[in-house]
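Asks: Please find the sequence and the predicted model below.
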Amino acid sequence: QQQVKQSPQSLIVQKGGISIINCAYENTAFDYFPWYQQFPGKGPALLIAIRPDVSEKKEGRFTISFNKSAKQFSLHIMDSQPGDSATYFCAASPGSNDYKLSFGAGTTVTVRA
Amino acid sequence: DTGVSQDPRHKITKRGQNVTFRCDPISEHNRLYWYRQTLGQGPEFLTYFQNEAQLEKSRLLSDRFSAERPKGSFSTLEIQRTEQGDSAMYLCASSLAGGRGYTFGSGTRLTVV
């Protein structure tokens, strides 16, 4: 049973546009929510992460929005560039020294020039 | 130290054969994780080590799978009597104990024919 549900499965955006990926979780023990970026043939790379005590975190063109009451979080990629074309995974892990990650199924983002 | 190294990058094996993969984590990282990723899915947790101790194994890890980290440095993952369903990308990641962000390797892609 997938503990983190991710949508959409894929999206296409024009260069300069905004990509939005959504994730939802049920396990209230989760207290760390990272996003990973994966290019073909490579392992996932940590992009940005948030904890539930903040509602938004921004790093460059990437922003995580977090809604604790709805148990949802999302990734916004502003001013999308062709180099952002990749698969993005949301994930979550509980605290208490348990750091194994539960991943969403992934979203393939294609940025058209 | 340039990151997490995995060897081999690709492995094709016949059903029923045994295979072994190696992971060299970032040298100062004492936690090491193994994940499995099938096509179109997010990585799934298999097992993790803190130093040389294997602290948790997923139910996904059947008796045919065994992992070791003998001196708390590199780790090996062995699959005995491979089956076609074992075909996947096997990812290794490392972190500091207490560190929430993992560094993943590029993975070993296993194809069982």
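Replies: It's in. Numbering: from 1, shown residues only, chains lettered A, B, ... in the order given.

Asks: Count the neighbours of residue A:88 for me.
Replies: Residue A:88: 24 surrounding residues under other CB atoms under 10 Å in any protein chain shown. Any C-beta I mention is one placed from the backbone N, CA and C, and that applies to glycine too.

Asks: Figure out the helix or strand that it lives in.
Replies: Assigned by DSSP states H and E, residue A:88 falls within strand A:86-94.

Asks: What strands line up against that strand, and which way round?
Replies: strand A:30-38 (antiparallel), strand A:102-103 (antiparallel), strand A:107-112 (antiparallel) (DSSP bridges).

Asks: I'd like to know how many residues surround the closest residue to residue A:3 other than its chain neighbours.
Replies: Spatial nearest neighbour of residue A:3, excluding adjacent residues (CB to CB, 6 or more residues apart in numbering or on different chains): residue A:102 at 4.1 Å. Using other CB under 10 Å, residue A:102 has 20 neighbouring residues.

Asks: Kindly state the beta-bridge partners for residue A:102.
Replies: Residue A:102 has these beta-bridge partners by DSSP bridges: residue A:92.

Asks: Now do the contacts for the one residue sitting closest to the centre of chain B.
Replies: With distances taken as CA atoms, centre = their mean, the residue of chain B nearest its centroid is residue B:34 (3.5 Å). Counting by CB atoms under 8 Å, 6 or more residues apart in numbering or on different chains, residue B:34 makes contact with B:23, B:46-48, B:67, B:75, B:77, B:90-92.

Asks: Who are the contact partners of the residue nearest to residue A:3?
Replies: With CB under 8 Å, 6+ apart, residue A:102 has these contacts: A:2-4, A:25, A:27, A:30, A:91-93, B:45.

Asks: Repeat the analysis, applying 6 Å as the threshold.
Replies: By CB atoms under 6 Å, 6 or more residues apart in numbering or on different chains, residue A:102 lies in contact with A:3-4, A:92.

Asks: That's all I had, so thanks and see you.
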